[in-house]
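*Asks:* Pasting the sequence and the predicted model now:
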Amino acid sequence: MKPCVAITALLGGMLGVIGSSPATPAPPGDRGEGRAVYDRHCAECHGPEGRGDGPKATSLSPRPGNLISAQTSAKSDQDLLKIIANGRPRTAMTGWNERLSRDEQLAVLAYIRSLIKFTGSATPTPPSNP
């Protein structure tokens, strides 16, 4: 096998594995509790699936964040916890530090991470030449 073909095959296989697994492991927290907290406090703006399309979303400027977007998915758990705790300046997203315990914040983060559905690569692995 030529080196270039071997590298291409290896990378294709790795991308398939990467594409089928979450970018980061789910944070510690009870997803069941997280869903309850999310439904109670977050869904009216962020929507039932985290797409930023809740019933209040059309009346907010800027619109609520899409929690399953690539941009949000790329944020670290620490970054997202900071946003949950402190809110976002110049938006309707207020901080929840005074209203949610640390465990509730971790649980809602775990639930938000569970909303992201990663799938395998749409590009097939290149064939290998013998």
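*Replies:* Nice, thanks for sending it over.
*Asks:* Worst mean pLDDT across the helices and strands of this structure, which element?
*Replies:* Taking mean pLDDT, DSSP states H and E as the measure, the chain has helix 3-19 as its least confident helix or strand, at a mean of 38.
*Asks:* Look up how far Val37 lies from the residue nearest the centre of the chain.
*Replies:* Residue closest to the mean C-alpha point of the chain, counted by C-alpha atoms, centre = their mean, is Ser73 at 3.7 Å. From Ser73 across to Val37, the span is 20 Å (C-beta to C-beta, to the nearest Å). Where C-beta positions appear, they are placed from N, C-alpha and C, glycine not excepted.
*Asks:* With Thr72 instead?
*Replies:* From Thr72 across to Val37, the span is 18 Å (C-beta to C-beta).
*Asks:* More neighbours: the two, which one.
*Replies:* Ranked by neighbour count (other C-beta atoms under 10 Å), Thr72 and Val37 place Val37 first, with 24 against 18.
*Asks:* Report the secondary structure state of the spatially closest residue to that one that is not a sequence neighbour.
*Replies:* Among residues not flanking Val37 along the chain, Val108 sits closest, at 4.6 Å (C-beta to C-beta, 6 or more residues apart in numbering). Using DSSP: H, G, I helix; E, B strand; the rest coil, the structure places Val108 in helix.
*Asks:* Now do the same contact list for Val108.
*Replies:* Shown in contact with Val108 (C-beta atoms under 8 Å, 6 or more residues apart in numbering): Gly29, Gly34, Val37, Tyr38, His41, Cys42, Ile84, Leu100.
*Asks:* Mind pulling the model confidence for it?
*Replies:* Note for Val108: predicted pLDDT of 96.
*Asks:* Then Asp30?
*Replies:* pLDDT recorded at Asp30 is 80.
*Asks:* My understanding was that it contacts Ala110; is that so?
*Replies:* Yes. The criterion here is C-beta atoms under 8 Å, and Asp30 meets it with Ala110 at 7.1 Å.
*Asks:* Check which helices and strands the helix or strand hosting Glu33 is in contact with.
*Replies:* For Glu33, the element it lies in under DSSP states H and E is helix 31-41. Judged by 3 or more C-beta pairs under 8 Å, 6 or more residues apart in numbering; DSSP states H and E, helix 31-41 is in contact with helix 102-115.
*Asks:* I'm done for today, thanks for sticking with me.
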